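Participant: after the sequence you'll find the predicted model.
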Amino acid sequence: MDHRDLPEPSSPRAVVIGGGIGGLTAALALHRQGVPVTVHERAASLEPVGAGLALAPNALRALDRLGVGERLRTLAAPYPAIGIRRPSGRWLARTGTDAVEAFFGEKPIAVARAAVIEALVDALPADTVRTGSRAELVEPGDARTPAVVRTAAVVRTADGEESADLVVGADGIRSATRGLLFPHHPGPRYSGFTTWRSVIARPPRPPFAAGEVWGRGRLAGVVPLADGRVYVYGAALAPAGARAADGDERAELLRRYGGWCAPVPELFASADPARVLRHDVWEMAEPLPAFHHGRVALLGDAAHAMCPFQGQGACQAVEDAVVLAAGVHPGVDLAAGLPGYTAARLPRTTAIVNGSRSVGALVARRSPFSVLARDLAITAAGLLPDRILLNRATPTYGWHPPALSGARAG
């Protein structure tokens, strides 16, 4: 049967392509609005790719809208301060998390990515997520047609083709959905950085201060997690696709960071080599013309992949999901709010993509003079009152989510 002959959905329903944090958050937000939704995840399970995850105040407010924020707070390890050091160990700048809470009403928290995935799945109906299910967009549909004669979007799975009033493309950096909607867009480009991530289950000398160490063209980060675990990561300039010559990425970390201040070398040395993840960083340097087309919306990395240097990648995907669902109203075509979704999200995420790239440019400095100038500027900024520093973060951290009006809204 030609997909053009598929019947319209008998009742308004949505399909999400991709079961990562953005896709699952979108599914939960739509569920809270009373919309039946199915998530197709091509992986055989929802075992998350990643290690730890920072949730800033803006994302926590959005997760509170969905009823899962408090659960995640109980799973986070408290840490008193965050800051930046030199490889020698000297602090360049440091801010107490109590000051962040006083200014924004929330402390940033760090949790295992698996905990976020589990919290989102547990809040969804049991049959929502279909793992091992590869889905691809076939037809984006026409959202401009009056609802009574609307043209549905079409998604193909192993079970055949199915129609939907709304499709959410949350299929990541290499999004096939984005490629179908915007075939002439150049897509993401390599940022110049590669990253390593791991969780240390039994760190050698807990507890550790949270923060980053900035060197020449590379950084390392340490974030305490619950149960005494520590999330560690590194980012360094490297050719795209490069890997450790001997295949041992833990050894590569020690080659790059072994001479840095404690506890960076000790933590990297205690990592399980099989659990050190390495990924190149790709970013959407050229913004998309829109985050929707027809009855299809893009969110997260599919819409605005960014460098990790502001810790906002997952946070912006969470924001996307809540804003998208807030435009869905009972009795109204599910796709009617998509132009408003693009209008709300495209300028904001473009600014954050650009801001993350700017921070990355500071990390990328390698000449002694430019590194010294950078470090002096960070030190000078660190001497300013907290309210001045935190005010600079207000455009990002100060965001508040729209209300959800559906039958199940939290």
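Facilitator: Nice, thanks for sending it over.
Participant: any idea where the helices of the stretch 301-410 of the chain begin and end?
Facilitator: Remark: helices assigned in the stretch 301-410 of the chain by DSSP state H, counting those that start in this stretch are 301-304, 313-326, 338-363, 368-382, 386-392, 394-397.
Participant: just the endpoints, please. Distance across stretch 394-403?
Facilitator: Its start and end residues considered, stretch 394-403 measures 20 Å (CA to CA, to the nearest Å).
Participant: CA atoms only for the helix or strand hosting Leu72, dumped as CSV, please.
Facilitator: Leu72 is located in helix 69-74, with elements delineated by DSSP states H and E. Coordinates of each C-alpha in helix 69-74 appear next as CSV, following Å, rounded to 0.1, in the frame of the first residue of the first chain:
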residue,chain,number,x,y,z
GLY,A,69,13.0,16.8,39.2
GLU,A,70,12.8,16.0,42.8
ARG,A,71,13.6,12.3,42.2
LEU,A,72,16.8,13.3,40.4
ARG,A,73,17.8,15.7,43.2
THR,A,74,17.7,12.9,45.7
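Participant: residue numbering should commence at 523 henceforth.
Facilitator: Sure, I'll start counting at 523 from here, so that last one is helix 591-596.
Participant: tell me which residues of it are tucked away?
Facilitator: With burial defined by 16 or more other CB atoms under 10 Å, the residues of helix 591-596 counted as buried are Gly591, Arg593, Leu594, Arg595. (C-beta placed from N, C-alpha, C; glycine too.)
Participant: hmm, who's touching stretch 765-779?
Facilitator: Applying CB atoms under 8 Å, 6 or more residues apart in numbering, the external contacts of stretch 765-779 come out as 718, 720, 740, 742, 756, 758, 786-787, 790-791, 793-795, 798-800.
Participant: give me the beta-bridge partners of Glu683?
Facilitator: On the basis of DSSP bridges, Glu683 takes part in beta bridges with Arg678.
Participant: burial measure for Ala680, as a count.
Facilitator: Ala680 is flanked by 10 other residues according to other CB atoms under 10 Å.
Participant: so it makes contact with Glu658?
Facilitator: No. Contact between Ala680 and Glu658 fails when scored by CB atoms under 8 Å: they sit 10.6 Å apart.
Participant: residue contacts, the most centrally placed residue in the chain?
Facilitator: Nearest to the geometric centre of the chain sits Ala836, at 1.5 Å (CA atoms, centre = their mean). Ala836 is in contact with Ile543, Gly544, Leu575, Ala576, Leu577, Ala581, Val638, Gly822, counting by CB under 8 Å, 6+ apart.
Participant: looking at the helices of the stretch 823-932 of the chain, spot the one closest to Leu646.
Facilitator: Smallest distance to Leu646 across the helices of the stretch 823-932 of the chain (CB to CB): 12.5 Å, for helix 835-848.
Participant: show the average pLDDT along that closest one.
Facilitator: Per-region confidence: helix 835-848 scores 98 on mean pLDDT.
Participant: go on, stretch 565-581?
Facilitator: 85.
Participant: what's the span of that stretch, first residue to last?
Facilitator: 25 Å.
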